[in-house]
Structures are given as structure tokens and as C-alpha cells.
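>>> Would you be able to build a 3D model of this:
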Amino acid sequence: MRPSPWSTHLVGAVLLCGAVLACGSRRRDDAFLASRVPVDRLDSVLGAADSVHLRLADARTLLGVVAESDFAANLPHDTMSIAEIVAWGRAQHVQRDSVAAAAAAARRVREEELQRHLDSLLAVTVVSKSYLPKDPDMERFQDYISLTFAYHNKGRKAIRAFQGDVAFIDTFGDSIYSAHLKVDRPLAPGQTRQEPGRIIKYNPFRTEHERLRNTPLSKLKVIWHASDVVFADGSRVSLDSLP
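Numbering: from 1, shown residues only. Here you go, the predicted model:
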């Protein structure tokens, strides 16, 4: 049974009004809480109540129960007291939060396992870093930072393409620059390939650009995390594959 929009709005007004009064006086209407009602008529019962004094938490729980689709079919009994319905609703919220937390934790474990597998397939290093000031004679009309990367296939399968995130960490462990890296070049098992320098348009007003330019490569730690690896045989390992 789905409550009508009119009854839901009325219930919300009545309960919230009662909750505000309860916050001021801290009084509860024990008779109302003890009253037993048919659960399939709960929204009508609440809509007819003209003076309800409930704690804010109870009011919200009760309103949440009524707002649920098919709430009457989910309640354990055909007739229950308001207090029992509030307790049931609170227990349901706790159970849902617990299930959601467990599902989130399980997903994090799967993500960490998949990330470790992806990281075991490839090594990405920075061979050199340089600053390229603008030079119209060389048709370079803006300042750039050039980064030369090397890629090493640590796995046993040939790689066709891959992508992921690279971060530059300073001596204190803080990230000073990060970027997404996408490479569409084949790598045989055990092969290391170095590509021409990738350039970043240098913006002197961006702190991360300034720090990346001025920090020697010897004082930077490069952290690489792959997110997607496509093999030469068409198979693929990707973080996006997680349900």
C-alpha cells in the first residue's frame, strides 16, 4: 500500500510540528505511543492525529516508515502499537546501515585486490623532467614542463594499451602533482619502452605547476596506479569491471 501524497504531506506536517514542540517541552504522549493501529491504515491514523508530541528521532523514524513503499506489507504484524512501529523502523534502519557498510567494505577489499593485480602488471617510471620556456624561433609560444616516461611490462602477457594515474610525491609525502596517463602502445612481456616527452602547459599561477617545475626529479617519488590494461589477445583487466 502506497500512502497518498496528501496524507504523506499531512503526516510530515503533524509529526514535525509535534517534534518541534517535543524539543521544547520534552513531553511525550504515552497514550498515543501505546495505541494499537492496523498497519495498513497507519498513514490515516497519523493524519487524523491533531496533537502529537514525539521526540525528533521518533518522529523522523515514524515518518520514514510511512514514506516507504509497501510499508504495511513489510511490518511483522497486522496490528501494532505506535511504539512498536517506531522500534521496528529504527531496527530496520540499523540493519540497512549494517548491510550497506558490509557491502561497502567488501567492495573496498575487491578494489584493493584488483588494484594490486593491476599494479603487478606494469611499472611506470619518469626518466627525465625539464622546463621548456617559450621560444618563438622554435615555434614554441608557451612555457612547458616536459616529462619522459618509461613503461615496463612485468606480466606474462603482451599488452596492447593501458591507462592509470601517476602522482608526484615530495620528500614529506605530499602529492604535488598528479595526472591521468593513457598509453596506446604495445608492450611484450618483459619489455621496457620509453616514449618521447609528454608536455604540460606551464601555468605560473598554479602552485602544483610551480612545485613540479622547481623540485628536482631526484627528490620526487613517482607513484603509479593502473586502472585499465588491455592485452594483445583482447582480454582486459579494469577497475570498471567491479559490480
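>>> what sits against residue 86?
33, 58, 61-62, 65 (CB atoms under 8 Å, 6 or more residues apart in numbering). (C-beta placed from N, C-alpha, C; glycine too.)
>>> Look at residue 199 and tell me its secondary structure.
What DSSP: H, G, I helix; E, B strand; the rest coil gives for residue 199 is strand.
>>> Neighbours of residue 233, how many?
9 (other CB atoms under 10 Å).
>>> and what of residue 58?
24.
>>> Narrow the contacts of residue 86 to those in helices?
33, 58, 61-62, 65 (DSSP state H).
>>> Okay, and the beta partners of the nearest residue to residue 198 once chain neighbours are set aside?
Excluding the flanking residues, the one nearest residue 198 by CB to CB, 6 or more residues apart in numbering is residue 147, at 5.1 Å. Residue 147 has these beta-bridge partners by DSSP bridges: residue 129, residue 198.
>>> ok, residue 147 touching residue 125?
No - with contact defined as CB atoms under 8 Å, residue 147 and residue 125 do not form a contacting pair (10.8 Å).
>>> between those two, which one's more packed in?
residue 147 (23 against 14).
>>> re earlier: now, of the contacts of residue 86, which are buried?
Among these, the ones that count as buried by 16 or more other CB atoms under 10 Å are 33, 58, 61-62, 65.
>>> Next, give me the two most distant ones among the residues you listed.
33 and 65 (13.9 Å; CB to CB).
>>> can the ones in helices among the contacts of residue 86 go into JSON lines with extra columns for pLDDT and distance to residue 193?
Below are these laid out as JSON lines (pLDDT from 0 to 100; distance: CB to CB, whole Å):
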{"residue": "33", "pLDDT": "76", "distance to residue 193": "72"}
{"residue": "58", "pLDDT": "76", "distance to residue 193": "65"}
{"residue": "61", "pLDDT": "79", "distance to residue 193": "60"}
{"residue": "62", "pLDDT": "77", "distance to residue 193": "64"}
{"residue": "65", "pLDDT": "77", "distance to residue 193": "61"}
